[in-house]
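J.: sharing a model that was predicted from the sequence below.
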Amino acid sequence: MRVLVIEDYPPLARAMVQALRESGVDVDHATDGPEGLRLADEGRHELIVLDLMLPGMDGLSILSALRQRHHDGAVLVVTARDALEDRVRGLDAGADDYLVKPFALVELVARSRALLRRRVAAAAPVIEIGDLRVDTEARTVARGGRQVALSAREYALLVYLARRRGHIVSRGELHTHVFSGAEEPASNVVDVYIGYLRRKLDCGRAPSFLRTRRGLGYQLGAPE
């Protein structure tokens, strides 16, 4: 699981990031509104912890922009604004939960865990992209009705990319989340398994489901 913290006050941001990391999730941090929106737009985060009063772009504007773009990650708003109308405005804009400052870090972690649990429970068991079908409950993969046999690592790689379909996923992110640091980051293990997966999914067809975005990473989507 990956969490994005968008908070501009350094002492609080450091404490939040540390508490969340110690709870077992990966955490990215943005210090202003524009940077936060850019990172959130990448679609890599299951949860965004969002301050409302940010330099460059306020939290409500970020939240509205994300929901308009159909970003489906959970959002936990943290703010010093404790008036009822402020809480209602945040929830109406698309927040999933609201935490008023000052708060205990244990409560932040507990609320984050609850939102992440809901996120996992709500995840669709079947992912369909064009004629590609990934059933995460049965752990089966088919393309055009034909079963595709994958190794455990190839399957994990496919599911990770499929959950982020349409988004460009970097080599480093895949190394961290799929290969668990088993090889050195500088090794070509990601490229090797991308090659294995591409050959099995495409079976000689063109164009490919799995595209290389030079200098950026990889992207899974219906053939262009």
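T.: Happy to help now that I have it. This is a predicted model, so every value here is computed, not measured.
J.: what are the buried residues along the least confident helix or strand in the chain by mean pLDDT?
T.: For the chain, the helix or strand with the lowest mean confidence is helix 171-177, at a mean of 77 (criterion: mean pLDDT, DSSP states H and E). The neighbour-count criterion (16 or more other Cβ atoms under 10 Å) identifies 171, 173, 174, 175, 177 as the buried residues of helix 171-177. Glycine gets a C-beta too; all of them are placed from N, C-alpha and C.
J.: can those go into TSV with extra columns for distance to residue 147?
T.: Formatted as TSV, the buried residues of helix 171-177 follow (distance: Cβ to Cβ, whole Å):
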residue	distance to residue 147
171	28
173	28
174	24
175	28
177	26
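J.: related to what we said a few turns ago, off-centre distance for the least confident helix or strand of the chain?
T.: Offset of helix 171-177 from its chain centre (Cα atoms, centre = their mean, to the nearest Å): 13 Å.
J.: next, the contact list for residue 193, please.
T.: 153, 154, 157, 179 (Cβ atoms under 8 Å, 6 or more residues apart in numbering).
J.: could you measure from the residue nearest to the second one when sequence neighbours are not counted over to residue 36?
T.: In this structure, residue 154 finds its nearest non-sequential neighbour in residue 197, 5.1 Å apart by Cβ to Cβ, 6 or more residues apart in numbering. In this structure, residue 197 lies at 32 Å from residue 36, with Cβ to Cβ, to the nearest Å as the measure.
J.: which one of these two has more residues nearby?
T.: residue 36 (27 against 24; other Cβ atoms under 10 Å).
J.: isn't there a strand covering that one?
T.: No - counting by DSSP: H, G, I helix; E, B strand; the rest coil, residue 36 is not part of a strand but helix.
J.: surely it is in contact with residue 49?
T.: No - applying Cβ atoms under 8 Å, one finds residue 36 not in contact with residue 49, separated by 10.1 Å.
J.: between those two, which contacts overlap?
T.: Listed as contacting both residue 36 and residue 49 by Cβ under 8 Å, 6+ apart are 4, 6.
J.: any idea how many residues pack against residue 50?
T.: Residues near residue 50, counting by other Cβ under 10 Å, number 27.
J.: for it, what is the enclosing helix or strand?
T.: Taking DSSP states H and E as the criterion, residue 50 maps to strand 47-51.
J.: mind checking what helix or strand follows that strand in sequence?
T.: Toward the C-terminus, strand 47-51 is succeeded by helix 59-68 as the next helix or strand (DSSP H and E).
J.: now do that following helix, average pLDDT.
T.: Here helix 59-68 scores 87 as its mean pLDDT.
J.: which of the residues in that helix are buried?
T.: Within helix 59-68, the residues that count as buried by 16+ other Cβ under 10 Å are 59, 60, 62, 63, 65, 66.
J.: nearest spatial neighbour of the fourth one, chain-adjacent residues omitted?
T.: Right, residue 63. Closest residue in space to residue 63, ignoring its immediate chain neighbours: residue 93 at 4.7 Å, by Cβ to Cβ, 6+ apart.
J.: no more questions from me, cheers.
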